[in-house]
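> Got a sequence here, can you model it:
(2 chains)
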2 protein chains.
Amino acid sequence: MPLDEIKALTFDVFGTVVDWRGTIVSEGSRMNRERGWDVDWAAFADAWRALYQPSMSEVRDGERSWTRLDNLHRESLDTLIPQFGLDGLDAVACEHLNRVWHRLHPWPDAVTGLSRLKTRFVLATLSNGNIALLVNMAKHANLPWDAILGAEIAGHYKPQAEAYLKTADALGLQPDECLMVAAHNSDLVTAGGLGFRTAFVARPTEYGPSQTTDLSTERNFDIVAEDFNALATTLGC
Amino acid sequence: MPLDEIKALTFDVFGTVVDWRGTIVSEGSRMNRERGWDVDWAAFADAWRALYQPSMSEVRDGERSWTRLDNLHRESLDTLIPQFGLDGLDAVACEHLNRVWHRLHPWPDAVTGLSRLKTRFVLATLSNGNIALLVNMAKHANLPWDAILGAEIAGHYKPQAEAYLKTADALGLQPDECLMVAAHNSDLVTAGGLGFRTAFVARPTEYGPSQTTDLSTERNFDIVAEDFNALATTLGC
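Model (predicted):
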């Protein structure tokens, strides 16, 4: 495979670059201590993330006009607040909690790996996160993106083809000049089907210690790397 | 003026951050030496830039669907090639010349100033350049943008209001949380009229040694700074 034709790396972000579950559990645990609560934040994080795909369905189906992920996250949060006994949160605290997605922690190898990869490639997000979310996350976590692209730019949520194809096009590249990097088989299968090169980086605790999915590749991808530093080494950075 | 409410700096790029005329003259002079030509590249650069505003008019007026600046630059270049005796350029050389806008040199203070400003603010482009052009320019010139925004994201060219307002909105900010930085009075007057804070940084040789416009402010802007380092100092970075 002519890896030397790769010009840009496009990244799934939630789960691949940052640890959404661990961050929510960490921030929630602090709230438990401060407020004397006993909320199961791991269950909360899983429930919030479980509403992620359904929340985008109406937008994907065209039943709803373009709606940013910040707003979809907030609607899901509003659903979960009574279920998890979080009714004590005032408006400011609710909004702060919703913006935990702007403050997600990177996996330990992410910043060093991306910094190495940036020396040789254009690094772009190809995420369903909205621009403001991803910009704030990058400032917070020190993620050295060259471009914040993906769903909001395309006006389509992954796995819709437009999200991928419009990202490559915005970079002035053909799909096969882009390497899609993700911890999720389904994302890479879609990207690969559209002509992207594919790199799988397992994140075996994204869904917690009992994770059973995406522990390994389910198809032949172009690259399989243990983490972003290993990916950088494979790509000669 | 509550400068402490500023969250993001949005930058005009051509002329404000990078020296388009000097770069074109520099690359052109090299072509003269290599090809034994005697092209007046300063005149060429001025002519190319003179076609810039007219080239966007049809898009602004809705007579033409969205067209990226790379394509408008190319159309203008194709007009100028016979006028300047550049017919000897083959297709590859023409495309390379058109992409000189991806390789523009930063003003001497730009990288250090932006790097200081980045420690405290979100830095975004608010340019008529297309995404690929601005991403490649940033890689080439080491410009540490947090986000590549502006015309292509908005689907509108400056000075149309949407270019400014959709940039602030994409950042999740109100216009008055954004400081527009430009070397051009007109850009700042438009941005200020839409609620942006304004910072003028003169680039007195953008149009060459005989420049007569934009040497000083024609309105009261929020900040006037000699260069990006002075701007960083003013903003406490």
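> how much space between A:Tyr207 and chain B?
28 Å (Cβ to the nearest Cβ, to the nearest Å). (C-beta placed from N, C-alpha, C; glycine too.)
> Repeat that for A:Ala232.
For A:Ala232 relative to chain B (Cβ to the nearest Cβ), the value is 17 Å.
> before we move on, what about A:Ala168?
Distance from A:Ala168 to chain B, by Cβ to the nearest Cβ: 10 Å.
> Share the number of residues neighbouring that residue, please.
Number of residues near A:Ala168 (other Cβ atoms under 10 Å in any protein chain shown) recorded here: 25.
> what separates it from A:Glu152, distance-wise?
16 Å (Cβ to Cβ, to the nearest Å).
> likewise A:Trp107?
With Cβ to Cβ as the criterion, A:Trp107 and A:Glu152 are 23 Å apart.
> Can you pull the phi and psi angles for A:Thr10?
phi -110, psi 130 (degrees, to the nearest 10).
> and it, bridged to which residues?
A:Ala124, A:Met180 (DSSP bridges).
> my read: it touches A:Leu179, true?
Yes: using Cβ atoms under 8 Å, A:Thr10 is in contact with A:Leu179, at 7.1 Å.
> higher neighbour count, those two?
Between A:Thr10 and A:Leu179, counted using other Cβ under 10 Å, the more crowded position is A:Thr10 (29 against 25).
> contacting residues around that one?
A:124-126, A:149, A:164, A:167-168, A:178-181, A:191, A:196 (Cβ atoms under 8 Å, 6 or more residues apart in numbering or on different chains).
> Kindly report the same for A:Leu51.
Contact partners of A:Leu51, counting by Cβ under 8 Å, 6+ apart, are A:Ser76, A:Thr79, A:Leu80.
> what about the last one, which helix or strand?
Right, the one you point to is A:Leu80. A:Leu80 is part of helix A:69-83 when elements are defined by DSSP states H and E.
> returning to what we had before: show me which of the contacts of A:Leu51 are buried.
A:Ser76 (16 or more other Cβ atoms under 10 Å in any protein chain shown).
> and the contacts of A:Leu51 near chain B, which?
Residues of the contacts of A:Leu51 in contact with chain B (Cβ under 8 Å from any Cβ of the partner chain): none.
> Could you pull out the buried residues of the helix holding A:Leu80?
Those would be A:Leu69, A:Asp70, A:Leu72, A:His73, A:Arg74, A:Ser76, A:Leu77, A:Ile81, for helix A:69-83 by 16+ other Cβ under 10 Å.
> so the helix or strand following it versus helix A:69-83, what angle?
Using DSSP H and E, the next helix or strand after helix A:69-83 towards the C-terminus is helix A:91-98. Comparing the axes of helix A:91-98 and helix A:69-83 via axes from the mean of the first three to the mean of the last three Cα atoms, to 10 degrees yields an angle of 110 degrees.
> So what touches stretch A:52-70?
By Cβ under 8 Å, 6+ apart, stretch A:52-70 touches A:72-73, A:75-76, A:98-99, A:101, A:128-130, A:132-133, A:151-152, A:155-157, A:160, B:172.
> Using PyMOL, define a selection of the buried residues within these.
Applying 16+ other Cβ under 10 Å to the contacts of stretch A:52-70, the buried members can be selected in PyMOL as follows:
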select buried, (chain A and resi 72+73+76+98+99+101+128+129+130+132+133+151+152+156+157+160) or (chain B and resi 172)
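> overlap in contacts of A:Thr10 and A:Leu179?
A:Phe196.
> in stretch A:212-222, what counts as buried?
Buried, per 16+ other Cβ under 10 Å, within stretch A:212-222: A:Asp214, A:Phe221, A:Asp222.
> Would you mind putting those residues into CSV with distance to A:Gly15 alongside?
As requested, those are arranged in CSV below (distance: Cβ to Cβ, whole Å):
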residue, distance to A:Gly15
A:Asp214, 8
A:Phe221, 16
A:Asp222, 20
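> Can you tell me which of those residues is nearest B:Leu89?
A:Asp222 (36.7 Å; Cβ to Cβ).
> I'd say that closest one and A:Leu3 touch.
Yes: A:Asp222 is in contact with A:Leu3 according to Cβ under 8 Å; the separation is 7.2 Å.
> Identify the contacts common to the two.
Joint contacts of A:Asp222 and A:Leu3 (Cβ under 8 Å, 6+ apart) are A:Leu179, A:Arg197.
> any idea how far chain B is from A:Val111?
A:Val111 is 15 Å from chain B, by Cβ to the nearest Cβ.
> A:Leu231 now?
Distance from A:Leu231 to chain B, by Cβ to the nearest Cβ: 19 Å.
> And for A:Gly192?
23 Å.
> pull the CA atoms of the one helix or strand that residue maps to into PDB?
Assigned by DSSP H and E, A:Gly192 belongs to helix A:185-193. C-alpha atoms of helix A:185-193 as PDB (Å, rounded to 0.1, in the frame of the first residue of the first chain):
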ATOM      1  CA  ASN A 185     -14.000  -0.700  13.400                       C
ATOM      2  CA  SER A 186     -17.300   0.700  12.000                       C
ATOM      3  CA  ASP A 187     -15.700   4.200  11.500                       C
ATOM      4  CA  LEU A 188     -12.800   2.700   9.600                       C
ATOM      5  CA  VAL A 189     -15.000   0.300   7.500                       C
ATOM      6  CA  THR A 190     -17.000   3.300   6.400                       C
ATOM      7  CA  ALA A 191     -14.000   5.500   5.700                       C
ATOM      8  CA  GLY A 192     -12.200   2.700   3.900                       C
ATOM      9  CA  GLY A 193     -15.300   2.100   1.700                       C
END
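> What mean pLDDT does that helix get?
The pLDDT scores in helix A:185-193 average 98.
> Over to stretch A:122-133?
Stretch A:122-133 comes out at a mean pLDDT of 98.
> what's the span of it, first residue to last?
20 Å (Cα to Cα, to the nearest Å).
> before we move on, what about stretch A:114-129?
First residue to last in stretch A:114-129 (Cα to Cα) measures 18 Å.
> and what of stretch A:92-106?
End-to-end for stretch A:92-106, by Cα to Cα: 25 Å.
> thinking again about what came up before, tell me the one of the buried residues of helix A:69-83 nearest chain B?
The closest of the buried residues of helix A:69-83 to chain B turns out to be A:Asp70 (Cβ to the nearest Cβ; 7.3 Å).
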